[in-house]
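Colleague: sequence and predicted structure are below.
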Amino acid sequence: METSSGPRTSATSAQHLPTEEYSAAPGQARPGTEEGGEPSVPCDLVTVPARQGLEAVDILRRGGSPAVGPVLHDGSCDTLGFLVPPGTADGWDMPGSACTQTSGRGLRIPAEPPVSGSGWLLPPGDSGPVTDPVVLREALGEAARMIEAADSI
């Protein structure tokens, strides 16, 4: 695909390089701070069915360290949304999930849920800044296998 800045290359979530705090998408810098020293954490949003998302949250939280960032749930509790580093949507290819891109604007993590009719399962401040997409992908895969095994019994 051609864009005004030249050809666009394909990326996958496997190309993210994990750090202690999070994985930046290829070509993305670590989030900084805004004026006044307030954290400035832009992010994309990975949405999954609630059952798989809840299993993934458990898996991530059992892993120790702040491997899971803020997590949203919709009002009907059908889906969960994991906040991930900006640019993750460019290479997200996990079946059964979707990653919403912030179009370079960088959704900022607010104190109140950013989507009407939603709420925080894990609010900002009670978790890491954002969820590492590589670790999230692994947890979602493990959760899907656990659900499949449980449903086949």
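Modeller: Cool, got the structure.
Colleague: number of nearby residues for Cys43?
Modeller: Other residues lying near Cys43 total 26 when counted by other CB atoms under 10 Å. Heads up, the C-betas are built off the backbone N, CA and C, glycines and all.
Colleague: so it: helix, strand or coil?
Modeller: Secondary structure state of Cys43, per DSSP: H, G, I helix; E, B strand; the rest coil, is strand.
Colleague: that one pairs with what?
Modeller: Leu107 (DSSP bridges).
Colleague: pLDDT weak spots in the protein?
Modeller: Applying pLDDT under 70 to the chain flags the ranges 1-41, 65-66, 102-115.
Colleague: the strands in it, which residues?
Modeller: With DSSP state E, the ranges of strands along the chain come out as 2-3, 6-7, 17-18, 23-24, 42-49, 71-74, 79-84, 98-100, 107-108, 118-122.
Colleague: against which helices or strands is the top helix by length along the chain packed?
Modeller: The residue-count maximum for a helix in the chain (DSSP state H) belongs to helix 133-151. Helices and strands touching helix 133-151, by 3 or more CB pairs under 8 Å, 6 or more residues apart in numbering; DSSP states H and E, are strand 23-24, strand 42-49, helix 50-62, strand 79-84.
Colleague: quick one, which of these gets closest to Glu148.
Modeller: Comparison of the helices and strands packed on helix 133-151 against Glu148 by CB to CB identifies helix 50-62 as nearest, at 10.2 Å.
Colleague: tell me the angle the closest one makes with strand 42-49.
Modeller: Counting by axes from the mean of the first three to the mean of the last three CA atoms, to 10 degrees, helix 50-62 lies at 120 degrees to strand 42-49.
Colleague: list the contacts of helix 50-62.
Modeller: 48, 67-68, 71, 73, 77-80, 82, 96-97, 121-122, 131, 135-136, 139-140, 142-144, 146-147 (CB atoms under 8 Å, 6 or more residues apart in numbering).
Colleague: can you pull the buried residues of it?
Modeller: The neighbour-count check on helix 50-62 (16 or more other CB atoms under 10 Å) flags Ala50, Arg51, Gln52, Gly53, Leu54, Glu55, Ala56, Val57, Ile59, Leu60 as buried.
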